[in-house]
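> When you get a sec, could you give me coordinates for this:
(4 chains)
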Number of protein chains: 4
Amino acid sequence: MKKVVTELKIKVPFYDLDPMNIVWHGNYVKYLEEARCDFFSKLGYDYMQMYADGVMYPIAKMDFKFIRSAKFGDDLTVRCTLNELEPAIIIKYDIVNDAGEKILSAHTMQMAVSTKSGETLFVAPEVLKNAVENFGE
Amino acid sequence: MKKVVTELKIKVPFYDLDPMNIVWHGNYVKYLEEARCDFFSKLGYDYMQMYADGVMYPIAKMDFKFIRSAKFGDDLTVRCTLNELEPAIIIKYDIVNDAGEKILSAHTMQMAVSTKSGETLFVAPEVLKNAVENFGE
Amino acid sequence: MKKVVTELKIKVPFYDLDPMNIVWHGNYVKYLEEARCDFFSKLGYDYMQMYADGVMYPIAKMDFKFIRSAKFGDDLTVRCTLNELEPAIIIKYDIVNDAGEKILSAHTMQMAVSTKSGETLFVAPEVLKNAVENFGE
Amino acid sequence: MKKVVTELKIKVPFYDLDPMNIVWHGNYVKYLEEARCDFFSKLGYDYMQMYADGVMYPIAKMDFKFIRSAKFGDDLTVRCTLNELEPAIIIKYDIVNDAGEKILSAHTMQMAVSTKSGETLFVAPEVLKNAVENFGE
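Residues are numbered from 1 along each chain as shown, chains lettered A, B, ... in the order given. Sure thing, here's the model as predicted:
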């Protein structure tokens, strides 16, 4: 499978901070989602296209390892790496701060589900496989 | 118009706190929504019923006056008072802490909108007017 | 008083949407805060500086008028206009979508509060007044 | 180690829903935190006590497995089970709906950290060990 890596910059907003003056751990789920939307958009296969194709990709699993904290105004980079495409989409995330220090690593697993039948699809749609093959070309 | 007043208790969760160790001001919008859902539920006219009737009540305006701050674990009481029913639903909110001190006052204005035509309705649905008339009986 | 106007672009993320597939109204409080931080930063008087000066600017009042809804991926522009500086900072916000249509207008009122004494200051700090006078030069 | 199991009821609020009309996956991090605060409170060792003891328990890892979706108004039960106490606190979470169906399972791992030295403590504080031993008595 082709190597697919994308990066998104996120600046930490004030409203994501907790009483320790650092990003509340649950807010990283939002950063992952923003980076994942950006990942699919750069693949040329965004959520609108998925909708049109009758396929949803709900999150079936996710895990996080928190390494350092992030503060107000930090410029974070969220790197997405496609680990697996079938039977489920597994994306690995690494977040680093502007000093290049790793903030966290995480994974999400998404299953392809038909919006019509509600059935889980264990084979990735052709349009997604093609998008991966043509990435960066 | 009949006097309609309801109260909902909300315990401040940790994730609503900001770096000053108090509830971030934007989180009160959630507390108002919880109290408003409870208000309509106690009226016997909840969101499921609204959906079934083909009417939505989006927020058209809201205003807040912040008086005191709230801390982790505070037991807040959100009091809803129906101020107007037509042409728009205006609810007044008062939030007090367990010492009886006022935390904030606020208002929301909701317009009734037909889910079919998308048109704004300036007359409240009969079912809502009846619910108000029968409140507490 | 000098005219101070700033603009910030915000792209609507998926996690801000509600069941109507539009931005949940409470999330606009976040957009205002991001724009306000950007406003103070462009003034050259950001939150870090405020902290160092021993002055906080909590929100005392806010009001919103919702005009149109915003959808996933919309490129919103939040325009901040300084309306008053003393005795309180009043900022007016206008959010427009990429078609130039107005999404909402809003205001916040912030009081200057000494972090040492906890007292409200009815005269704006000199550093803030100077920042306003020197804006854009 | 003594078996420590607690349960907290959470009613799904409207503002936690996403465009699919189900709870957005990131919001479950909040439900876990509420249940975890309740867990420590029922142990007789709450966050205020931790602060006073000079120990924090930041989340070092978390993982989620999503099984079913939850809807507006669902009465969820979050069950916390203490899996390990040393060298890290591992809590298992199971969320079931009012039909008794499992919504998700999850784990958090928390390290004890000294608020003074910033060092990680690999031995649980005595007060916590005692709280576990005395649970339910």
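
> Now for A:Asp16, how many residues are close by?
Around A:Asp16 sit 20 other residues, with neighbours defined as other C-beta atoms under 10 Å in any protein chain shown. Where C-beta positions appear, they are placed from N, C-alpha and C, glycine not excepted.

> how about it, phi and psi?
Main-chain torsions, A:Asp16, degrees, to the nearest 10: phi -90, psi 0.

> A:Asn21 too?
Backbone torsions for A:Asn21, taken as degrees, to the nearest 10, come to phi 70, psi 20.

> Now do the helices for chain A: every range, in order, please.
Residue ranges of the helices in chain A, as given by DSSP state H, are A:28-43, A:47-53, A:126-133.

> So which bits of chain A are right by chain C?
The interface of chain A toward chain C, taken as C-beta under 8 Å from any C-beta of the partner chain, is made up of A:Pro13, A:Phe14, A:Tyr15, A:Val29, A:Lys30, A:Glu33, A:Glu34, A:Cys37, A:Tyr47, A:Met48, A:Phe72, A:Gly73.

> residues touching the nearest residue to the last one once chain neighbours are set aside, list them.
When you say that, I think you mean A:Gly73. Counting by C-beta to C-beta, 6 or more residues apart in numbering or on different chains, the nearest residue to A:Gly73 once its immediate chain neighbours are dropped is A:Val12, at 6.1 Å. Taking C-beta atoms under 8 Å, 6 or more residues apart in numbering or on different chains, we find A:Val12 in contact with A:Val23, A:Ala70, A:Lys71, A:Phe72, A:Gly73, A:Asp74, A:Leu76.

> Output the contacting helices and strands for the lowest-mean-pLDDT helix or strand in chain A.
Lowest on mean pLDDT, DSSP states H and E among the helices and strands of chain A sits helix A:47-53, with a mean of 83. Contacting helix A:47-53 under the criterion 3 or more C-beta pairs under 8 Å, 6 or more residues apart in numbering or on different chains; DSSP states H and E are the following elements: helix A:28-43.

> switch to 10 Å and redo it
Contact partners of helix A:47-53 among helices and strands, from 3 or more C-beta pairs under 10 Å, 6 or more residues apart in numbering or on different chains; DSSP states H and E: helix A:28-43, strand A:55-56, strand A:112-114, helix A:126-133.

> near chain D at all, stretch A:99-113?
Yes: contact of stretch A:99-113 with chain D is found when judged by C-beta under 10 Å from any C-beta of the partner chain, involving A:Leu104, A:Ala106, A:His107, A:Thr108, A:Met109, A:Met111.

> among those residues, who's most crowded?
If you count neighbours using other C-beta under 10 Å, the busiest of these is A:Thr108, which has 25 neighbours.

> how about that residue, what does it touch?
Contact criterion C-beta atoms under 10 Å, 6 or more residues apart in numbering or on different chains gives A:29, A:32-33, A:36, A:57, A:59-64, A:80, A:83, A:88-93, D:25, D:64 as the residues in contact with A:Thr108.

> Just give me the residue right at the centre of chain A.
Central residue of chain A (C-alpha atoms, centre = their mean): A:Arg36, 2.8 Å from the mean position.

> any idea how far chain D is from that residue?
In this structure, A:Arg36 and chain D are 12 Å apart, going by C-beta to the nearest C-beta, to the nearest Å.

> same check, this time on A:Met1
As judged by C-beta to the nearest C-beta, A:Met1 and chain D stand 24 Å apart.

> Next, count neighbours for that residue.
Using other C-beta under 10 Å, A:Met1 is surrounded by 11 other residues.

> and if you look at the one 3 residues further on?
With neighbours defined by other C-beta under 10 Å, the count for A:Val4 comes to 19.

> hmm, back to that, quick one: which of the residues of chain A next to chain C has the most company?
The most neighbours, when the residues of chain A next to chain C are compared by other C-beta under 10 Å, belong to A:Val29, which has 22 neighbours.
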